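Provide a 3D model corresponding to the input given below.
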Amino acid sequence: MHHPGRYWHQTEDGRIQCDVCPRYCRLQEGQRGLCFVRMREQDQIVLTTYGKSSGFCIDPIEKKPLNHFLPGTPVLSFGTAGCNLTCKFCQNWDISKSREMDRLMDQASPDKIAQVARAYGCPSVAYTYNDPTIFLEYAVDIAQACHESSIYSVAVTAGYIGKEARKEFYRHMDAANVDLKAFTESFYRELCSASLGEVLDTLKYLKNETSVWFELTNLVIPTKNDSDREFHEMSEWILEHLGPDVPLHFTAFHPDFKLRDLPPTPPETLTRARSIARETGLHYVYTGNVHDKAGSSTYCPHCGRTVIGRDWYVLSDWHITDRGECAHCQTPIAGLAREQGRCPGPGDWGAKRQPLQISEI
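A predicted model of the protein is given here:
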């Protein structure tokens, strides 16, 4: 028996509409939504992947990427299958585009996941590899189990979620990385079958209605979203609507899935994007998927000195006080003070990646 889903209603024509994301799939009995994992069964929406995973791995938190949330610590990461977007450039397409059962080899209850995170010294669990929006019920149950063990929950998501569903989902999340894929409706429509406006609504909701710490990622794709004008417009919108302290990561594309005819992103494009965003007034801008120590380090927005040095995922410098301030000039560094206003010291997980078979633990 599949797990009952939430956020659906019956339409006048007898179909059932899934409301968990703005795609609003209308389903006859036995039909699945575009995500493939939410299905109409016995006149309700069910989640067919509850308790199942495409794999577990302990990653550095910076790989999500989150640079201002428990730096240097390990995060227990996992995904399921399916996705509610159709991105032609998907870097995890073997998971997100797979049909449910051909990838779901590991099974774990929410309590088991919290138990394993605690046993392996992971202060957080990340819902990643595919978008947790589509397995909302499973993610929320895991988050509740994790919070009972003082373990944080991290969502890695495209932010394409229904207005009511996002209230519940983000109520249980402590941090998120939201993939802001581009800054034009045409890009979202043609390459993702989605809408930029819905994602921007989610970002404003996160900023104005929640206490979730969130960072943004923009995968820079040559000829598709790499113009100076788009970098300027995106940065100006972020500054106006989210403020200067929301970190922004520009990451490199590599040819994959249905965009194999495009070249990898030149490192100088990422450097240019970072410069534009910083000149616009954003305080924390990073480059990713390339070796760029300057672009992966954190700098004080007041004095400009390095407060967290990074070489790939290894922390090389730490100049943060226990109050989460720059050790040079005492300016608060956004996002770091987590526990009763005190900033934990840096973790020492480094760049290690440790796959786990949870069903065998």
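
C-alpha from now on. contacts and neighbour counts both.
OK.

how about stretch 262-276: buried residues?
Leu262, Thr265, Pro267, Thr269, Leu270, Thr271, Arg272, Ala273, Arg274, Ser275, Ile276 (16 or more other Cα atoms under 10 Å).

quick one: which of those is nearest Thr321?
Nearest to Thr321 among the buried residues of stretch 262-276 is Arg274, at 26.4 Å by Cα to Cα.

Assumed Leu136 was part of a strand.
No: membership of Leu136 in a strand is not supported by DSSP: H, G, I helix; E, B strand; the rest coil, which gives helix.

Could you measure from it over to Ala252?
Leu136 is 29 Å from Ala252, where distance means Cα to Cα, to the nearest Å.

Ok, Ser227 next?
Taking Cα to Cα, one finds Ser227 at 14 Å from Ala252.

Please identify which of the two sits among more neighbours.
Ala252 (20 against 15; other Cα atoms under 10 Å).

Let me see the backbone angles for the more buried one.
Torsion angles at Ala252 (phi, psi; degrees, to the nearest 10) stand at phi -80, psi 140.

Quick check: it touching Thr265?
Yes: here Ala252 reaches Thr265: they are 5.2 Å apart, a contact under Cα atoms under 8 Å.

any common contacting residues for those two?
Contact with both Ala252 and Thr265 is made by residues Val220, Ile221, according to Cα atoms under 8 Å, 6 or more residues apart in numbering.

re earlier: least confident pick among the buried residues of stretch 262-276?
The member of the buried residues of stretch 262-276 with the lowest pLDDT is Leu262, at 92.

quick one: the nearest residue to that residue once chain neighbours are set aside from Asp59, how far?
Excluding the flanking residues, the one nearest Leu262 by Cα to Cα, 6 or more residues apart in numbering is Pro255, at 6.0 Å. Using Cα to Cα, Pro255 is found at 23 Å from Asp59.

Between these two, point out the one with more neighbours.
Asp59 (25 against 16).

The more buried one belongs to a helix?
No: Asp59: not assigned to a helix; according to three-state DSSP it is strand.

How about the contacts made by it?
Pro74, Val75, Leu76, Ser77, Ala351, Lys352, Arg353, Gln354.

Among those, name the buried ones.
Of the contacts of Asp59, these count as buried by 16+ other Cα under 10 Å: Pro74, Val75, Leu76, Ser77, Ala351.

just checking, the residue nearest to Leu262 touches Lys88?
No: taking contacts as Cα under 8 Å, Pro255 lies outside contact range of Lys88: 10.3 Å.

so what's the residue nearest to Pro22 when sequence neighbours are not counted up against?
Nearest residue to Pro22 in three dimensions, chain neighbours excluded: Gly162, at 5.3 Å (Cα to Cα, 6+ apart). Residues near Gly162 by Cα under 8 Å, 6+ apart: Asp19, Val20, Cys21, Pro22.

Do you have the helices of the stretch 51-200 of the chain handy? List them.
Along the stretch 51-200 of the chain, the segments classed as helices by DSSP state H, counting those that start in this stretch run 93-96, 110-119, 136-148, 163-171, 185-187, 196-209.

what pairs with the closest residue to Ser77 other than its chain neighbours across the strands?
Nearest residue to Ser77 in three dimensions, chain neighbours excluded: Ala126, at 4.7 Å (Cα to Cα, 6+ apart). Counting by DSSP bridges, Ala126 is bridged to Ser77, Val154.

Now do Ala126 against Pro132, distance only.
Relative to Pro132, and taking Cα to Cα, Ala126 is found at 9 Å.

Based on its surroundings, how many neighbours for Glu279?
Glu279 has 12 nearby residues by other Cα under 10 Å.

Read off the pLDDT value for Phe135.
97.

residues near it, how many?
Residues within reach of Phe135, counting by other Cα under 10 Å, total 26.

for Ser211, same thing?
Ser211 has 13 nearby residues by other Cα under 10 Å.

oh, and call the first residue 2 from now on, that's how I've got it
Shifting the count to begin at 2 puts that one at Ser212.

Skipping adjacent residues, who's closest to it in space?
Ser212's closest residue in space is Asp175 (Cα to Cα, 6+ apart), at 7.7 Å.

Name all residues that make contact with that neighbour.
Tyr153, Ser154, Val155, Ser212, Val213, Trp214 are the contacts of Asp175 under Cα under 8 Å, 6+ apart.

ok, it to Asp227 distance?
Distance from Asp175 to Asp227, by Cα to Cα: 31 Å.

and what of Leu48?
From Leu48 to Asp227 the distance is 37 Å (Cα to Cα).

what about these two, which has more around it?
Leu48 (24 against 19).

was I right about the more buried one contacting Pro5?
Yes: proximity of Leu48 to Pro5 meets the contact threshold set by Cα under 8 Å, at 6.2 Å.

Domains in the chain, by residue range?
4-48, 53-288+336-361 (automatic domain parsing).

Dump the ones you listed into CSV; add distance to Cys327 as well.
Output for the domains of the chain, formatted as CSV (distance: least, Cα to Cα, whole Å):
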stretch, distance to Cys327
domain 4-48, 40
domain 53-288+336-361, 11
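
Alright, I will stop here.
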